[in-house]
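1. With the sequence up front, the predicted model follows.
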Amino acid sequence: MGEKLYHFSELSEQAKVTSINAFSKFYVICYRSENMEILSQVPDQSMLWQINQEVYRNKYESVDHASKDTIIYCSHSYEKLLNEIDMRYLANGSTEFPWESWYQQKYAALPHGV
C-alpha cells in the first residue's frame, strides 16, 4: 500500500514551503517558455498576475534566482494557486509525481483542434 497523499491545504507549514520551492522553479520555466495554458486555467487570475510580474522582473536572472525572488514576494500567491491545482502531495511536501508529468497529463486531456 502506498503512502497517504494530501491536498496542499492539508500539508504542514514546512511541507508547504517544500512544495512551493519546487513549484516555483517549474512555474518560472513554464512562464519563460510561454507554456502557461494549463496553469492559467484557474478561476482567480490575480495570483498569476503577481507571480508573472515578479518572474518578468527577473527575466535576466537564472531560474533558481528568479524562483527564490518570486517566493520572497509571492509566497501567498503560490499558496493560493497550489490550493486550486489538483496535485497531491506526500506528507513532506513532495509531489505525487513530477510537475512536468502533471502538466503533460493535463495538456493531453485537453480537446484537440482549433
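-> Yep, that arrived.

2. Distance check, Tyr6 against Leu110.
-> From Tyr6 across to Leu110, the span is 26 Å (Cβ to Cβ, to the nearest Å). Glycine gets a C-beta too; all of them are placed from N, C-alpha and C.

3. Check Asp64 too.
-> 30 Å.

4. Same check on Arg32?
-> 21 Å.

5. These two: which is more packed in?
-> Arg32 (14 against 10; other Cβ atoms under 10 Å).

6. Restrict the helix or strand harbouring Gln104 to CA atoms and write it as CSV.
-> Gln104 is part of helix 99-108, with elements assigned from DSSP states H and E. Extracted in CSV, the C-alpha atoms of helix 99-108 (Å, rounded to 0.1, in the frame of the first residue of the first chain):
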residue,chain,number,x,y,z
TRP,A,99,5.3,18.7,-12.2
GLU,A,100,6.3,18.2,-15.8
SER,A,101,4.3,14.9,-15.8
TRP,A,102,1.3,16.6,-14.3
TYR,A,103,1.5,19.3,-17.0
GLN,A,104,1.8,16.8,-19.8
GLN,A,105,-1.2,14.8,-18.4
LYS,A,106,-3.4,17.9,-18.2
TYR,A,107,-2.3,19.0,-21.7
ALA,A,108,-3.0,15.6,-23.2
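
7. what's next to that helix, contact-wise?
-> Contact with helix 99-108 is made by 22-23, 26, 30, 35, 37-39, 87, 95, as judged by Cβ atoms under 8 Å, 6 or more residues apart in numbering.

8. and those residues, which two are the farthest apart?
-> Ala22 and Glu37 (20.5 Å; Cβ to Cβ).

9. could you pull out the helices for the protein?
-> With DSSP state H as the criterion, the chain has helices at 13-32, 46-57, 63-84, 99-108.

10. Need those in a markdown table (columns: distance to Gly2 and mean pLDDT).
-> Converted to a markdown table, those look like this (distance: least, Cβ to Cβ, whole Å; pLDDT from 0 to 100):
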| stretch | distance to Gly2 | mean pLDDT |
| --- | --- | --- |
| helix 13-32 | 17 | 97 |
| helix 46-57 | 31 | 95 |
| helix 63-84 | 21 | 96 |
| helix 99-108 | 16 | 93 |
